[in-house]
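Asker: I'll drop the sequence and a predicted model, then ask my questions.
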Amino acid sequence: MTNNPTDLQLKTEKASQKDWLNILDILKEAGLKGYMSGKETYESFYTVKDSSKNQIIGCFAISIKDSIGIVKSFAIKKSLQGKGLGKVIANSLINTAKELNLKTLYASSWEAPRFWIKTNFEEINLNKINNKFFLDYINSLEKDFPDLFKSIKHFVLPIKD
């Protein structure tokens, strides 16, 4: 596999049941599996594949309400991290959002806020967030992970037509 993420033939698609074990492996490699509630299924996930090898190299989930999406469990295979691939995929989320007719994408992170700062997502202060769907999500994070919540950063990506 190439070291240059722009050389890869990336394809993002809705995950299928046969992808679920690969998704869980990637989340475990990325240290995110411990933050899952256990209620997650492949149905909310997308896979990112290197289509030249038909190999899953990353994944993410999007929770949706009305025209708002929340990116969750964004992960890249550990062997590919630190090469700019995650940034390419995160920036391409705008295409997925448009396909889903979303107007705004949100993300929160305590494990990798510096990563999200390098993307097209913009950091947003908690007091500037006025979307109830995202605020409810933030409140659940604070309840479920109070120790980690102190270092959480929030990000927004407005989707323009």
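Answerer: Here it is on my side, so go on. Since the structure is predicted, the reported quantities are computational estimates derived from the model, not experimental observations. Residues are numbered from 1 along each chain as shown.
Asker: Tell me which other helices or strands the longest strand along the chain touches.
Answerer: Of all the segments of type strand in the chain, defined by DSSP state E, the longest one is strand 55-65. If you count contacts as 3 or more Cβ pairs under 8 Å, 6 or more residues apart in numbering; DSSP states H and E, strand 55-65 packs onto helix 20-29, strand 45-50, strand 68-76, helix 85-99. Backbone N, C-alpha and C define where each C-beta goes, glycine included.
Asker: Recalculate using a threshold of 10 Å.
Answerer: Here strand 55-65 touches strand 10-14, helix 20-29, strand 45-50, strand 68-76, helix 85-99, strand 104-109, helix 132-144, going by 3 or more Cβ pairs under 10 Å, 6 or more residues apart in numbering; DSSP states H and E.
Asker: Number of residues surrounding the residue nearest to Ala75 when sequence neighbours are not counted?
Answerer: Of all residues not flanking Ala75 in the chain, Ala30 sits nearest, at 3.8 Å (Cβ to Cβ, 6 or more residues apart in numbering). By the measure other Cβ atoms under 10 Å, the count of residues near Ala30 is 20.
Asker: repeat for Asp144
Answerer: By other Cβ under 10 Å, the residues close to Asp144 number 11.
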